[in-house]
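In: Structure for this input, please:
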Amino acid sequence: MAIRLKSKSSFQSNMLISIGGIFAIFAICFGMYQFQREKKYKTDLLHSRLQMFNYELMHSLGDSITSPHAFREYMRQHNINGVRATIIGKDGHVILDSQQRDTGKMGNHKYREEIRKAMAYGNGYDIKRTSAYTNETYFYSATYLPAKGGRTRDIIIRSAIPYSAEITEFLQVNNTYIYFTVALTLLLGIALYYNTSRISRHIRYLREFAAKAEGGEAFDNELDRQLPDDELGDISHTIINLYLKQRRSEEEKTRIKRQLTQNAAHELKTPTASIHGYLESILSNPNMPPEKRQHFLERCYAQSERMSKLLLDMATLTKLDEKDDGKPWRPDEEMTDVRPLIENVLEDTALQLAEKGITPQTELPGMILVPGDPTIIYSIFRNLVDNTIAYATGATMIRITCHEKNIDNIPCYEFTVSDNGPGVAPTHLDRIFERFYRVDKGRSRKLGGTGLGLAIVKNAVATHHGTAKAELTPGGGLTIVFTLARR
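Out: Here you go, the predicted structure:
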C-alpha cells in the first residue's frame, strides 16, 4: 500500500503552541498568584501595625478607655500620621471617635466589614473605604476586646489610616517579578524555538525521504546532507541506511532470481532439445533397430534425470531464499547433532566414492550440536561430497574436519571439506559459489552437474548465519571452509 503524505501543520509550530501555551498559562497564573500574595502580605503588614496601635491604646488606657477625657488626651499625645481611632460597642454604636465628638450622628457600625470580621475572628480590616463623615478614604483595622477586669462591656477598637501617597505607594505591588517572568518567558521561547527547529529539521528530512521512497526516487545524495550532530541525527541516518540496505538487498534478490530464471532456462534448453531430438528420431523411424531405439530411450532417460535434478536443486535454493530471513536462531528451536548427518552422507555415497577410488577421512568431536534444520545441514555435506565425486578427478582422499572456534566473540564450529584432486585456478575461488557458475562448462555438463551444488551450500550456511569460503588445499585440491553457530 502506498504511503500518503498528508499536509499537516508543522511539528515545530505545534510544539511551540502547546509548550509555549502551557508556559504562558503558567506565567499568568504565577503572576496572579504573586500579585495576590504580595498584596496580601503588604495588607497584612499594615493591618498588623494598626493592630499594634489598637493594643497599645488598650494597654495604655486600661479600664478608662471609654473615658472621653482620657481617650482624647491619649490621641492628642499620639497623633501619628493622622491615625483615626474609634471605640465601638458590641451593639455597633460608636462610643468615642478621635475626629468626631458627636458620635450620635455616626450611626450603627455593626455591619461594617472590619467590625464583622473582628466580632467573628477577633480582628479584621477593610481596604480603601471612604468615610461617610469625613469624606476621606481610609484603611480600617478593628480589634475585638471582650469585657474583663474593671471593664463591664465588650468593645471594639478600630483604627484607621488615610490613603495618603505614602500609604498608596506602600501598598503598591512590586512589578519586578513581572519583568522577571517576561524575561524568563522570552528565554524559554528562544530555547524552545532553537530545539524544536532542530527536531523539525529531522522531521522535514524524514518526510522528504518518505516522499522520495514512495516515488522510487534516488537517495544517493541524501546521506551527504548536514544534520544536527545528535541522537536524532544518528537515528535519521540509521533509518536511511537501513532502508537503502533493504532496498539494495531486494534489488539483489530480484537480480539473482532473474539471473536464476535466465540460467535455468538456458540449462534446461540442452536436455529438452536432446529429449526432443531422440524422441523425434524414434517416431520418424518406425523401422529403427531395437538396439538403437533402446540407446535413444536410455539417453532420453538420462537427460530427464538431469532435468529432474536441476529442478530439485532450484526448488532447494528457493526454499533457502525464503528461509533466510536474517533473524537469529532462537534457543527454543531444534538442536541438531551434525556428526550422525556426516556419517549418513558418507554412508549414502560410499559406493560412488569407492568407484572413484576416494577414501573418506574424518576428524570430528564426539557430539556437534548446532541450532538448525537437519535436512538443510545434511544437504550441505551431501553437495560437498557430490561435488568432490563429480569434479575432483584423480582424487584419492576426501577429508572432513570440525573444530570449535570463537569468531567475533561468537562461539561456532568451523568445518572443512577438502580433497587432493586437481583443484581450481585461484581466479575461480571468488565465484565458485555463484549459481550456474562452472569452472569448465563443457566438462561439467558431461559429468551431469547442475551448477547449483555449491550455491546451495553457501545459501544453506547463510541460512544458519554462518559463512563459507573456498581455498586451495596445500599440495593440490580444493577446500571448502564454513561455520555453523554452536549452542
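In: worst-scoring helix or strand of the protein, pLDDT-wise?
Out: The helix or strand with the lowest mean pLDDT-type score in the chain, counting by mean pLDDT, DSSP states H and E, is helix 441-446 (a mean of 47).
In: do you know how far residue 99 is from residue 134?
Out: The span separating residue 99 from residue 134 equals 6 Å under the rule CB to CB, to the nearest Å. In this view, the C-beta of every residue, glycine as well, is placed from N, C-alpha and C.
In: What of residue 366?
Out: As it turns out, when the distance is counted by CB to CB, residue 366 lies 115 Å from residue 134.
In: what do you get for residue 106?
Out: Residue 106 is 11 Å from residue 134, where distance means CB to CB.
In: shared neighbours of these two, which are they?
Out: Shared contacts of residue 106 and residue 134, defined by CB atoms under 8 Å, 6 or more residues apart in numbering, comprise residue 100.
In: returning to that earlier point: for residue 99 and residue 134, list the residues in contact with both.
Out: When contacts are counted by CB under 8 Å, 6+ apart, residue 99 and residue 134 are jointly contacted by residue 84.
In: coming back round to it: among residue 366 and residue 134, which residue is more densely surrounded?
Out: For residue 366 against residue 134, the residue with the higher neighbour count under other CB atoms under 10 Å is residue 134, and the figures read 14 against 6.
In: give me every residue that touches that one.
Out: For residue 134, the contact set (CB under 8 Å, 6+ apart) comprises 84, 99, 100.
In: Name the SS class of the second one, please.
Out: Following DSSP: H, G, I helix; E, B strand; the rest coil, the label given to residue 99 is coil.
In: show me what contacts the closest residue to it other than its chain neighbours?
Out: In this structure, residue 99 finds its nearest non-sequential neighbour in residue 84, 5.3 Å apart by CB to CB, 6 or more residues apart in numbering. For residue 84, the contact set (CB under 8 Å, 6+ apart) comprises 97, 98, 99, 134, 138, 159, 160, 161, 162.
In: Output the residues you listed as TSV; include the columns pLDDT and distance to residue 429.
Out: What follows is those, written out as TSV (pLDDT from 0 to 100; distance: CB to CB, whole Å):
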residue	pLDDT	distance to residue 429
97	88	119
98	85	118
99	82	118
134	73	115
138	86	108
159	89	109
160	87	109
161	84	106
162	84	109
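In: Would you show me how to pick out the buried ones of those residues in PyMOL?
Out: Under the burial definition 16 or more other CB atoms under 10 Å, those of those that qualify are selected in PyMOL by:
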select buried, resi 97+98+138+159+160+161+162
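In: With distance to residue 286 as added columns, please give the contacts of residue 84 in JSON lines.
Out: Putting those into JSON lines (distance: CB to CB, whole Å) gives the following:
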{"residue": "97", "distance to residue 286": "150"}
{"residue": "98", "distance to residue 286": "151"}
{"residue": "99", "distance to residue 286": "151"}
{"residue": "134", "distance to residue 286": "147"}
{"residue": "138", "distance to residue 286": "140"}
{"residue": "159", "distance to residue 286": "143"}
{"residue": "160", "distance to residue 286": "142"}
{"residue": "161", "distance to residue 286": "140"}
{"residue": "162", "distance to residue 286": "142"}
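In: closest to residue 48 among the contacts of residue 84?
Out: Distance to residue 48, by CB to CB, is smallest for residue 159 among the contacts of residue 84, at 11.7 Å.
In: Partner strands of whichever strand or helix holds residue 95, with direction?
Out: Under DSSP states H and E, the secondary-structure element containing residue 95 is strand 94-97. Strand 94-97 has the following strand partners under DSSP bridges: strand 84-89 (antiparallel).
In: per-residue confidence averaged over the strand it pairs with?
Out: Here strand 84-89 scores 89 as its mean pLDDT.
In: now stretch 45-59
Out: Here stretch 45-59 scores 87 as its mean pLDDT.
In: Please apply the same query to stretch 211-231.
Out: Rounded mean pLDDT across stretch 211-231 is 63.
In: before we move on, what about stretch 413-425?
Out: 90.
In: How far does it stretch from one end to the other?
Out: Using CA to CA, to the nearest Å, the gap from the first to the last residue of stretch 413-425 comes to 28 Å.
In: Repeat that for stretch 452-472.
Out: End-to-end distance of stretch 452-472 (CA to CA): 20 Å.
In: quick one, helices of the protein?
Out: Under the criterion DSSP state H, helices of the chain are mapped to 11-61, 68-77, 113-121, 165-171, 176-215, 231-284, 290-323, 338-348, 350-356, 374-391, 441-446, 453-463.
In: Point out the most buried one among those.
Out: Among those, ranked by average contacts under mean count of other CB atoms under 10 Å, first place goes to helix 453-463 (a mean of 23).
In: quick one: that helix to chain centroid distance?
Out: 36 Å (CA atoms, centre = their mean, to the nearest Å).
In: Tabulate the CA atom coordinates of that helix in PDB.
Out: Below are the C-alpha coordinates for helix 453-463, written out as PDB (Å, rounded to 0.1, in the frame of the first residue of the first chain):
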ATOM      1  CA  GLY A 453      25.600 -27.500  -5.700                       C
ATOM      2  CA  LEU A 454      28.000 -25.000  -4.200                       C
ATOM      3  CA  ALA A 455      25.400 -22.300  -4.400                       C
ATOM      4  CA  ILE A 456      23.100 -24.500  -2.300                       C
ATOM      5  CA  VAL A 457      25.900 -24.900   0.200                       C
ATOM      6  CA  LYS A 458      26.500 -21.200   0.600                       C
ATOM      7  CA  ASN A 459      22.800 -20.400   1.000                       C
ATOM      8  CA  ALA A 460      22.300 -23.200   3.400                       C
ATOM      9  CA  VAL A 461      25.200 -22.000   5.600                       C
ATOM     10  CA  ALA A 462      23.900 -18.400   5.400                       C
ATOM     11  CA  THR A 463      20.500 -19.600   6.500                       C
END
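In: Just want the angle from that helix to helix 374-391.
Out: Computed by axes from the mean of the first three to the mean of the last three CA atoms, to 10 degrees, the angle separating helix 453-463 from helix 374-391 equals 150 degrees.
In: Now do helix 453-463: which elements does it pack against?
Out: helix 290-323, helix 374-391, strand 468-472, strand 478-485 (3 or more CB pairs under 8 Å, 6 or more residues apart in numbering; DSSP states H and E).
In: Given the shortest one, what are its sheet partners and their directions?
Out: Spelled out, it's strand 468-472. Using DSSP bridges, the neighbouring strands of strand 468-472 in the sheet come out as strand 478-485 (antiparallel).
In: Export the partner strand to PDB, keeping only CA atoms.
Out: Extracted C-alpha coordinates of strand 478-485, given in PDB (Å, rounded to 0.1, in the frame of the first residue of the first chain):
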ATOM      1  CA  LEU A 478      40.000 -27.800  -3.200                       C
ATOM      2  CA  THR A 479      39.000 -27.000   0.400                       C
ATOM      3  CA  ILE A 480      35.600 -25.600   1.400                       C
ATOM      4  CA  VAL A 481      35.600 -23.900   4.900                       C
ATOM      5  CA  PHE A 482      32.300 -22.900   6.500                       C
ATOM      6  CA  THR A 483      31.000 -22.200  10.000                       C
ATOM      7  CA  LEU A 484      27.800 -23.000  12.000                       C
ATOM      8  CA  ALA A 485      26.800 -21.500  15.300                       C
END
